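Visitor: The sequence isn't on hand, but the structure is:
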DNA sequence: TCCATTCTTGACTAATCGTTCCAGAAAGAG
DNA sequence: CTCTTTCTGGAACGATTAGTCAAGAATGGA
């Protein structure tokens, strides 16, 4: 045997995710990635393949990390409406906190590449389905627990919520007006009443 | 005096808009633009300046053309709800008709550049305000004509509608499932009931 | 007709792109 | 120690990028 990797592969991928997340695919250069990942160029190619492959791995990593956050939030016992409010309000707060306004990596990928790259489209599609499923399960639970009234097409509501979340995240990239974003959240969540 | 331009400047800008619209800023090369605009490289630089300046002019053109369409639709006498349904349903249909799935140029610009380019941010911001205004006026009219019930914060609803429209257009880029998009439209417009 | 001006064309920068190659350093196994 | 393997760093690759230059064609005015 010989020496093992001197850098943390997970950490490097996480850094790559941050670069692609904030700059997008085209605008992120290999040099940017090498710099931010803290590894050298050759290690990048040896470990992750080419730029496109690295992008897809970063997208997968994003889905694991951020998807899990969303699932946990929605599956946490307690008020479903409260969890949803937290989900949406978190986007509003986030757009003022870190000041990076990088939106949702999945949404960015949809916008930049979904129409042009099959692998990206597959990932964003399956992410839509997964998120929609989590929202649907949460709504079902809300209905069972009497918090959300019946008579609604909950599958449609779940789809609506995901689409609205993407819309909100896009708006948060463009405007710094908090009131605008909070108005959007207010009306969006009013469909649950 | 000397000879005048041999190409139609408006037409060339329109072509440039189409290129940036479907490929985005980074992925559109000058060669792509030259090819699609049907003019030579030097004429492009002489007439429109550099790539960035051309992009901003294309964005302005988009706003004129597509913004006008939206304004006319919303100001047309008759049912406001019907006009809004037409606006949203048009996005759904459009994503199946041309097969280009290029989304909304403004939304694309928000996603790709708003956080990184001041001029783009200014344009997307002002477009948000203009669209929100048009939606607000339509809602006011709907209220006056008794079609939309009072007691709602119509400014907030207008903001919500624009955000939802952007979300829908993003979803339309990622999924080819018509039912998903129609579910989103259905629930979105239900806030008007 | 001739001149002045501007458009068109294609070759041409200099820089950057993603990617590969290679030589040497580092580290585990014997 | 030696051998083998892998990691590292920098130089280099060809392709492509945005943008420029210069020479010639075309046009309108006198």
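Guide: Structure received. Bear in mind that the values here come from a model prediction, so they are computed numbers and not experimental data.

Visitor: does residue A:64 count as helix, strand or coil?
Guide: Assigned with DSSP: H, G, I helix; E, B strand; the rest coil, residue A:64 falls in the helix class.

Visitor: Which stretches in chain A count as helices?
Guide: A:9-23, A:30-37, A:41-48, A:51-75, A:80-97, A:105-109, A:118-144, A:154-174, A:178-189 (DSSP state H).

Visitor: what would these look like in TSV with distance to chain B?
Guide: For glycine as for every other residue, the C-beta is placed from the backbone atoms N, C-alpha and C. Shown next, in TSV, are these (distance: least, C-beta to the nearest C-beta, whole Å):
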stretch	distance to chain B
helix A:9-23	8
helix A:30-37	13
helix A:41-48	21
helix A:51-75	13
helix A:80-97	10
helix A:105-109	6
helix A:118-144	5
helix A:154-174	3
helix A:178-189	4
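
Visitor: Looking at those, spot the one closest to DNA strand D.
Guide: Proximity to DNA strand D (C-beta to the nearest atom of the strand) singles out helix A:41-48 among these, at 3.5 Å.

Visitor: any bit of that closest one sitting next to DNA strand D?
Guide: Yes: Helix A:41-48 is in contact with DNA strand D by C-beta under 7 Å from any atom of the strand, via A:41, A:42, A:43, A:46.

Visitor: Might you calculate how far that helix sits from the centre of the chain?
Guide: 26 Å (C-alpha atoms, centre = their mean, to the nearest Å).

Visitor: List the contacts of that helix.
Guide: Residues outside helix A:41-48 that contact it (C-beta atoms under 8 Å, 6 or more residues apart in numbering or on different chains): A:5, A:7, A:9, A:12-13, A:16, A:30, A:33-34, A:37, A:39, A:54, A:57.

Visitor: and it, is it in reach of DNA strand C?
Guide: Yes: in terms of C-beta under 7 Å from any atom of the strand, part of helix A:41-48 sits within range of DNA strand C, namely A:41, A:42, A:45.

Visitor: now stretch A:72-81: how far from the chain's centre is it?
Guide: 18 Å.

Visitor: Can you get me the start-to-end distance on it?
Guide: 14 Å (C-alpha to C-alpha, to the nearest Å).

Visitor: Just the buried positions in that stretch, please.
Guide: A:73, A:74, A:80, A:81 (16 or more other C-beta atoms under 10 Å in any protein chain shown).

Visitor: Give me the buried entries from the residues of helix A:41-48 next to DNA strand D.
Guide: Counted by 16+ other C-beta under 10 Å, the residues of helix A:41-48 next to DNA strand D give residue A:43 as buried.

Visitor: How about stretch A:23-30, which residues are buried there?
Guide: Here stretch A:23-30 shows A:23, A:24, A:25, A:26, A:27, A:28 as buried, counting by 16+ other C-beta under 10 Å.

Visitor: nope, stretch A:130-139 is what I was after
Guide: A:131, A:132, A:134, A:135, A:136, A:137, A:138, A:139.

Visitor: Test my guess that the second one contacts residue A:158.
Guide: Yes: distance between residue A:132 and residue A:158: 5.0 Å, which falls inside the contact criterion (C-beta atoms under 8 Å).

Visitor: for the record, mean pLDDT for stretch A:80-92?
Guide: Computed over stretch A:80-92, the mean pLDDT rounds to 97.

Visitor: whoops, I mixed them up, stretch A:126-137
Guide: So the average pLDDT for stretch A:126-137 ends up being 98.
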